[in-house]
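J.: Here's my sequence, what's the structure:
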Amino acid sequence: MYSAQSTFSRMSIAFSVLVFLPCSAFAGNDACTVLSAAKFSEIAGYKVDVNKQASNDTVCMYKGAGNAGGGILMIIDEAASPRKLEMVNQQGSVPQGKAGKLGATFSKGTIVFSVGMIGTDPSRVNALAAEVKRNLK
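T.: Numbers count the residues shown, from 1 in each chain. Take a look at the predicted model:
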């Protein structure tokens, strides 16, 4: 049986170039507001809805119909240290993953976030990241 929550929980770990613990000081960027399901759908090229049971303030899970797509936005740290930011930037934000599952870790200012999606076009992951960067506070 398909479980978006368990699939994308594993994907989020695989997608992240680096593993960080969420920052305890949440500054108020709600993940599902920063990247709406409508915008995710537009960029990914397939329709998704927010999986509200699997999402919270810092993680938004997107689910397509059946097994036909999905993704994740995880706000990892909203007050990242210079060292964390340096590590993200050293690794680059090159989407990678297993067949059909792409993701990468990015930063904007002191905010570190990860996006992932089911798909094969890395430019779509970069487009998701650009949309997130536009909408972060």
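J.: Could you list the low-pLDDT ranges of the chain?
T.: 1-27, 92 (pLDDT under 70).
J.: which helix is the longest one in it?
T.: Ordering each helix of the chain by length in residues (DSSP state H) puts helix 122-135 first.
J.: In stretch 128-135, which residues are buried?
T.: Leu128, Ala129, Glu131, Val132 (16 or more other C-beta atoms under 10 Å). Yep, even glycine has a C-beta here, placed from its N, CA and C like the rest.
J.: How about stretch 76-90?
T.: Ile76, Asp77, Glu78, Ala80, Lys84, Leu85, Met87, Val88.
J.: next one: stretch 61-80
T.: 61-64, 69-78, 80.
J.: still on that earlier bit, can you name the two of the buried residues of stretch 128-135 that are farthest apart?
T.: Ala129 and Glu131 (7.3 Å; C-beta to C-beta).
J.: show me where the chain has helices.
T.: 4-15, 31-34, 37-44, 82-91, 122-135.
J.: Could you list every helix and strand in contact with the third one?
T.: Applying 3 or more C-beta pairs under 8 Å, 6 or more residues apart in numbering; DSSP states H and E, we find helix 37-44 packed against strand 48-50, helix 122-135.
J.: For the longest helix of the chain, name the packing helices and strands.
T.: Using 3+ C-beta pairs under 8 Å, 6+ apart: helix 122-135 touches helix 31-34, helix 37-44, strand 70-77, strand 101-108, strand 111-118.
J.: Now do the third one: distance to the chain's middle.
T.: Looking back up the chat, that one is strand 70-77. Distance of strand 70-77 from its chain centroid, counting by C-alpha atoms, centre = their mean, to the nearest Å, is 3 Å.
J.: again, but for the first one
T.: In terms of C-alpha atoms, centre = their mean, the centre of helix 31-34 is found 10 Å from the chain centre.
J.: picking up where we left off before, will you turn the helices of the chain into CSV that also has distance to Phe113?
T.: Below are these laid out as CSV (distance: least, C-beta to C-beta, whole Å):
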stretch, distance to Phe113
helix 4-15, 11
helix 31-34, 8
helix 37-44, 14
helix 82-91, 10
helix 122-135, 6
